[in-house]
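Enquirer: generate coordinates for the sequence data below:
(4 chains)
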Protein chains: 2
Amino acid sequence: MSQISELKKNDTKRDGKKTQDDIVYAHIFDAILEQRLSPGTKLNEESLGEIFGVSRTIIRRALSRLGYEQVVVLRPNRGAVVACPTLEEARQIVFARRVVEKAVTELVCDHAQKKQLEQLRQMVRDEQACFDRGDRGAGIRLSGEFHLMLAEIASNPPLLSFQRSLVSLCSLIIAQYESGAKSHCSYDEHFELIDAIAAKDKARAVSLMMHHLDHIEEKLSLDDEIATDDLRAIFSNVRNSK
Amino acid sequence: MSQISELKKNDTKRDGKKTQDDIVYAHIFDAILEQRLSPGTKLNEESLGEIFGVSRTIIRRALSRLGYEQVVVLRPNRGAVVACPTLEEARQIVFARRVVEKAVTELVCDHAQKKQLEQLRQMVRDEQACFDRGDRGAGIRLSGEFHLMLAEIASNPPLLSFQRSLVSLCSLIIAQYESGAKSHCSYDEHFELIDAIAAKDKARAVSLMMHHLDHIEEKLSLDDEIATDDLRAIFSNVRNSK
DNA sequence: GTTGACTTTTTTGTATACAATTATAGTATG
DNA sequence: CATACTATAATTGTATACAAAAAAGTCAAC
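Expert: Numbering: from 1, shown residues only, chains lettered A, B, ... in the order given. Sure thing, here's the model as predicted:
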């Protein structure tokens, strides 16, 4: 179908030292973050290979990396699908993210330099522009990248890599459970957060961050069983009436 | 060299649903945890393939998984080596672990059942037995598995997977920076921790856990530049006297 | 029309062959 | 003797072929 023209050998000039599976990984990762790939979508190795113009070997590497981050589920002998977190899993992911974001926020308050704060503000302006022009997908991606940028400023590589996984999982959750067209992660809150960081007000920054995550969690409680495709849950009443 | 006899197709009976690269992964992971593989060791794909009796494809998958967990470093075109965390990286890893262990400890205080507490106690007894009989390697591995078991009881898969990575990285750090023969992670502290959990005393449990991690960090400060192999740091004074 | 066994097709898992890259050894030269 | 260069070997990166498993399709029996 839609062929991504030439990410072959010669292309490595521009991509620096990125290897081929990095590129494939990034493309799929972005597609998930932008919600062009919805939860549950089957990721066929051969099709992907044709789309990206590489062999299954490369696709396989990219998929197993995504699988390690739990953004896709690798079912032995049955292929990979975009993850479909259940409600319980979603709550666990948000909880883990609270833990990481709290630590990241505190570190950022200590470490952040003026230049980095300006970069953050620019990111949020870009995000705002996306939502204003109706490009929800790119907006969601930039919103996720904002949180990744925070983790980067925190200067703790292990936390950053964990954050990467959690941010993409949250994007999946939003895709799955957010019913209304309401902005999921409003940029106003991002601006407020930056101000608190600039003032080195840890307590306020952390509180804003937690409040920010509350929004995601509220949606989970609201929609509850409605959005889930778990048949077992939907028909959990059947056995009783037998 | 030492051939691990037959982890071929037929062996899958006993291993349940584990696939071949899982087995290879687990073997290398354990070897690192038990410090039979020291930091910096080159992991040749073909040699490993011969040792485990599988093709490079399988070895490659196992290595990239270890690479994702940052337990081995994958240098493009130059192969994989067991990670050698620098002092700074070591401190970052311990910091990340503080963050995760704190959350895990609190969750465990809420979730732990009697049966699980007994399992934990049994693990620490096994660990004690290993150290008593002088099997330091297995002791260190069991000590790591104790902390993984805690993360499992916490019932939060994302935190567990992060903990897995951090525990093995810490094992590497201990291997690299622990000079004395002193027990690095004394089982007494593990017993105390279990008691605090059984009493559902969150504050005390968390405090014990933090104290536990202090021990690792203290070693880092003590040994400081002595244990590091970073030539640049060792000869950082040269340029001035030129 | 539905169910269940059998066959065919598709898809994934693994090994292997070849290409590209890096490491090593040897040789010549100053 | 040290250094730079070249040729060779070893090692990793990628594609492909084949084996194993799962999915889809076929057809008969009820």
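
Enquirer: got the angle between the helix ranked longest in chain A and helix B:87-111?
Expert: When chain A is parsed with DSSP state H, its longest helix is helix A:87-111. On the basis of axes from the mean of the first three to the mean of the last three Cα atoms, to 10 degrees, helix A:87-111 is oriented at 140 degrees to helix B:87-111.

Enquirer: mind listing what's buried along helix A:87-111?
Expert: Buried residues in helix A:87-111, counted by 16 or more other Cβ atoms under 10 Å in any protein chain shown: A:87, A:89-109. For the C-beta atoms, the positions are set from N, CA and C on the backbone; glycine is no exception.

Enquirer: likewise stretch A:54-65?
Expert: So, applying 16+ other Cβ under 10 Å, buried residues of stretch A:54-65: A:Val54, A:Ile58, A:Ile59, A:Arg60, A:Arg61, A:Ala62, A:Leu63, A:Ser64, A:Arg65.

Enquirer: give me the contacts around it.
Expert: With Cβ atoms under 8 Å, 6 or more residues apart in numbering or on different chains as the test, stretch A:54-65 has contacts from A:7, A:20-21, A:24-25, A:28, A:43, A:45-46, A:48-49, A:52, A:72, A:74, A:80, B:61, B:64-65, B:68.

Enquirer: just the buried ones among these, please.
Expert: Those of these that meet the buried threshold are A:7, A:20-21, A:24-25, A:28, A:43, A:45, A:48-49, A:52, A:72, A:74, A:80, B:61, B:64-65, B:68, by 16+ other Cβ under 10 Å.

Enquirer: near DNA strand D, from these?
Expert: Residues of the buried ones among the contacts of stretch A:54-65 in contact with DNA strand D (Cβ under 7 Å from any atom of the strand): A:Gln20, A:Asp21.

Enquirer: can you tell me which of the buried ones among the contacts of stretch A:54-65 end up in helices?
Expert: Cross-referencing those against helices under DSSP H gives A:20-21, A:24-25, A:28, A:45, A:48-49, A:52, B:61, B:64-65, B:68.

Enquirer: closest to DNA strand D out of the residues you listed?
Expert: Set against DNA strand D, the nearest of these by Cβ to the nearest atom of the strand is A:Gln20 (4.0 Å).

Enquirer: chain neighbours aside, what residue packs nearest to that closest one?
Expert: A:Ile58 (5.0 Å; Cβ to Cβ, 6 or more residues apart in numbering or on different chains).

Enquirer: next, the angle from the strand or helix carrying that neighbour to helix B:56-68.
Expert: Under the criterion of DSSP states H and E, A:Ile58 resides in helix A:56-68. Calculated by the same axes, to 10 degrees, helix A:56-68 forms an angle of 40 degrees with helix B:56-68.

Enquirer: list the residues that contact A:Glu69.
Expert: A:Arg164, A:Ser165, A:Ser168, A:Leu169 are the contacts of A:Glu69 under Cβ under 8 Å, 6+ apart.

Enquirer: ok, and the closest non-adjacent residue to the last one?
Expert: Okay, so that is A:Leu169. Leaving aside its sequence neighbours, A:Leu169 sits nearest to A:Ile93 (Cβ to Cβ, 6+ apart; 4.8 Å).

Enquirer: just the element for the residue nearest in space to the middle of chain A, please.
Expert: Central residue of chain A (Cα atoms, centre = their mean): A:Ser168, 1.9 Å from the mean position. Assigned by DSSP H and E, A:Ser168 belongs to helix A:157-177.

Enquirer: just how off-centre is the following helix or strand past that helix within its chain?
Expert: Following helix A:157-177 in sequence order, the next helix or strand is helix A:187-198 (DSSP H and E). Its chain's C-alpha centre and that of helix A:187-198 lie 20 Å apart, by Cα atoms, centre = their mean, to the nearest Å.

Enquirer: ok so, going back, in whichever helix or strand comes after the longest helix of chain A, what's buried?
Expert: As assigned by DSSP H and E, the chain's next helix or strand after helix A:87-111 is helix A:114-132. For helix A:114-132, the neighbour count (16+ other Cβ under 10 Å) marks A:Gln116, A:Leu117, A:Leu120, A:Met123, A:Val124, A:Glu127, A:Gln128, A:Cys130, A:Phe131 as buried.

Enquirer: redo the residues you listed as CSV? Include pLDDT.
Expert: Putting the buried residues of helix A:114-132 into CSV (pLDDT from 0 to 100) gives the following:
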residue, pLDDT
A:Gln116, 97
A:Leu117, 97
A:Leu120, 97
A:Met123, 95
A:Val124, 95
A:Glu127, 92
A:Gln128, 92
A:Cys130, 91
A:Phe131, 86
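
Enquirer: now, which of the residues you listed sits nearest A:His212?
Expert: Taking Cβ to Cβ as the measure, A:His212 lies nearest A:Val124 of these, at 12.6 Å.

Enquirer: residues contacting A:Ile32?
Expert: A:Val71, A:Val82, A:Ser168, A:Ser171, A:Leu172.

Enquirer: quick one on the thing from earlier: what about the residue nearest to the centre of chain A, distance to A:Glu69?
Expert: Remark: distance between A:Ser168 and A:Glu69 (Cβ to Cβ, to the nearest Å) = 7 Å.

Enquirer: A:Glu178 and DNA strand D, how far apart?
Expert: Applying Cβ to the nearest atom of the strand, to the nearest Å, the value for A:Glu178 to DNA strand D is 29 Å.

Enquirer: burial measure for that residue, as a count.
Expert: By other Cβ atoms under 10 Å in any protein chain shown, the residues close to A:Glu178 number 21.
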